[in-house]
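In: What follows is a predicted protein model with its sequence.
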Amino acid sequence: MRLSKRLDNLPPYLFVEINRRIAEKKARGEDVINFAVGDPDMPTPKHIIDQLCQAARIPANNKYPETAGLPELRQAIAKWYHRRFGVTLDPTKEVLPLIGSKEGIGHISFCLIDSGDLALVPDPGYPVYSMRTLLAGGKPYFLPLTEKNDFLPELENIPREVTKKAKILWLNYPNNPTGAVTDVAFFQKAVDFARKNNLVICHDAPYTEVVFDGYLPPSLMQVSEAREVGIEFHSLSKTYNMTGWRIGMAVGNERMIDALFRFKSNLDSGIPQAIQQAAIEALTGPQDSIAGQNAIYQRRRDRLVKALNDIGLKSRLPKAGFYVWARIPGRYTSVQFTTELLDKANVAVTPGTGYGSAGEGYVRLSLTLSDDRLDEGISRLMKWHKAK
Ligand SMILES: Cc1ncc(COP(=O)(O)O)c(C=O)c1O
């Protein structure tokens, strides 16, 4: 068999390899504390599951869904955006439900990137931005996010010959993996940059509702000219603990939404309707579960960040998202550190370089494990540190 050349430079998805190593250990009877994957440990709120069960029994829902999603879902998304960000969206033209935001993030590159085009991609960053650029025949141009620049790309330093070839600027705030946040002023700067250089912004914003210390992240769409040049991806995965149900959305520029719709309609057959009806319940029903779970993440964040700083892994308190970005001692690479921690302490974390070369010197820890597993993980980290 000869596989396509397209696959030659495509490594396995970051977490496939981490999960394989954890599974090997588990098969040997070892108990691994997993700080690696960001998948909420708390359940989908009951009223959403009740709606899902009820919707699963409706005969019309075993038919093929429409790629464009139920009109009621597009309206619910528009209303949610208005309630949360004060942004008005046309649900018929500026909203598109997705099979999880990862699906749209991946497919938008195929709508915009031609062979030889560049995409401006944050480094470290969610790997899908660069991998899908490559698969679409383009090349990522990496924008380093460092502590010095508060993990914001320095748009003014991008060379002119790069902006000429660039089609997309990828942004992601609250940021995975660094935990950084930003404000409307930065989004305004990015929109001005995109308009000046004739490129589009894809803002990936699945963590805007996982927030601490009273902080509320903005939407790119709060910038009045944003929808001339950009779209925003959002998701129900993290807000309502719905990663497994696979539902998210893209909102913003009408042409980009239409292009994504056209591409998708030739590829997938929509989101199961029962899931769409559960999503309507999530977006329009009671929202009180969010504050409760954020309080839990915040307590975990405080405990973990203190412990990491105590053992010399310098970490900031993230204001949003459920990741801690920890600086490791200089004698290790991030892969060496991760490997030693897994081998010696049965604690899994993600190497910073899994998110790009600027992630060297860091590891990422997720807060999505139960309080007792988190405490056990902290105590293993402490013991491992003492024994060294
Ligand atoms: C930055 C970022 N974007 C997108 C996603 C994908 O989320 P979804 O479950 O909506 O596909 C994730 C998931 O971890 C993420 O961290």
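Out: Noted; the coordinates are in hand.
In: would you list every one of the strands in the stretch 1-150 of the chain?
Out: Using DSSP state E, counting those that start in this stretch, the strands of the stretch 1-150 of the chain run over 33-34, 95-98, 118-123, 139-144.
In: out of those strands, nearest to the ligand?
Out: strand 95-98 (7.4 Å; Cβ to the nearest ligand atom). Just so you know, the C-beta spots here come from the backbone N, C-alpha and C atoms, and that holds for glycine as well.
In: wait, does the closest one contact the ligand?
Out: No - residues of strand 95-98 are not located near the ligand by Cβ under 6 Å from any ligand atom, the shortest gap being 7.4 Å.
In: and that strand, what other elements does it pack with?
Out: Helices and strands touching strand 95-98, by 3 or more Cβ pairs under 8 Å, 6 or more residues apart in numbering; DSSP states H and E, are helix 71-85, strand 248-252, helix 254-265.
In: Please spell out which residues along the longest one are buried.
Out: Pointing back at helix 71-85 there. By 16 or more other Cβ atoms under 10 Å, the buried positions in helix 71-85 come out as 73-78, 80-81, 84-85.
In: now swap in the last one and tell me
Out: Buried residues in helix 254-265, defined by neighbour count with 16+ other Cβ under 10 Å: 256-257, 259-261, 263-264.
In: which other residues reach that helix?
Out: 67-68, 90, 93-96, 98, 103-104, 107-108, 110-112, 200, 227, 230-231, 250-251 (Cβ atoms under 8 Å, 6 or more residues apart in numbering).
In: if we go to 7 Å?
Out: Applying Cβ atoms under 7 Å, 6 or more residues apart in numbering, the contact partners of helix 254-265 are 67-68, 93-94, 96, 104, 107-108, 110-111, 200, 231, 250.
In: and those, which are buried?
Out: Buried among these by 16+ other Cβ under 10 Å: 67-68, 94, 96, 104, 107-108, 110-111, 200, 231, 250.
In: What about the closest residue to Glu209 other than its chain neighbours, how many residues nearby?
Out: Spatial nearest neighbour of Glu209, chain neighbours left out: Thr239 (4.1 Å); criterion: Cβ to Cβ, 6 or more residues apart in numbering. Using other Cβ atoms under 10 Å, Thr239 has 23 other residues around it.
In: What values do phi and psi take at Thr239?
Out: As for Thr239, its main-chain torsions (degrees, to the nearest 10) stand at phi -70, psi -40.
In: Check the gap between it and the ligand for me.
Out: 10 Å (Cβ to the nearest ligand atom, to the nearest Å).
In: ok so, going back, out of the buried ones among the contacts of helix 254-265, which one has the weakest pLDDT?
Out: Within the set of these, pLDDT is lowest for Thr67 (91).
In: one step back: which of the buried residues of helix 71-85 lies closest to the ligand?
Out: The ligand has its nearest neighbour among the buried residues of helix 71-85 in Ile77, at 13.3 Å by Cβ to the nearest ligand atom.
In: thinking that closest one is in contact with Glu94, fair?
Out: No - under the criterion of Cβ atoms under 7 Å, Ile77 is not in contact with Glu94, lying 9.6 Å apart.
In: Residues that sit against both of those two, list them.
Out: Val251.
In: so the residue most central in space within the chain, which of the three states?
Out: Central residue check for the chain by Cα atoms, centre = their mean: the C-alpha nearest the mean position is that of Pro206, 5.5 Å away. Put simply, Pro206 is coil when judged by DSSP: H, G, I helix; E, B strand; the rest coil.
In: so what's it up against?
Out: Pro206 touches 101, 234-235, 237-238, counting by Cβ under 7 Å, 6+ apart.
In: mind listing the strands in the stretch 151-300 of the chain by residue range?
Out: Using DSSP E, counting those that start in this stretch, strands in the stretch 151-300 of the chain cover 166-171, 200-204, 230-235, 248-252.
In: near the ligand, which residues of the stretch 151-300 of the chain?
Out: Going by Cβ under 6 Å from any ligand atom, the residues of the stretch 151-300 of the chain near the ligand are 172, 176, 204, 206, 235, 237, 243, 248.
In: mind checking pLDDT for the fourth one?
Out: The reference is to Pro206. The model's pLDDT for Pro206 equals 98.
In: just the last one next, same as before
Out: We note a pLDDT of 98 for Gly248 in this prediction.
In: before we move on, back to that, from the residues of the stretch 151-300 of the chain next to the ligand, which two are the most distant?
Out: By the measure Cβ to Cβ, Asn172 and Thr243 form the most distant pair in these, at 17.0 Å.
In: who's more crowded, these two?
Out: More neighbours surround Asn172 than the other of Asn172 and Thr243, with 25 against 20 (other Cβ under 10 Å).
In: For the more buried one, give me its contacts.
Out: Listed by Cβ under 7 Å, 6+ apart, the contact set of Asn172 reads 122, 125-126, 204.
In: just Val128 next, same as before
Out: Applying Cβ under 7 Å, 6+ apart to Val128 gives the contacts 102, 105-106.
In: Not counting sequence-adjacent ones, nearest residue to it?
Out: Ile105 (5.1 Å).
In: Quick check: the one you found touching His203?
Out: No - counting by Cβ under 7 Å, Ile105 stays clear of His203, with 10.4 Å between them.
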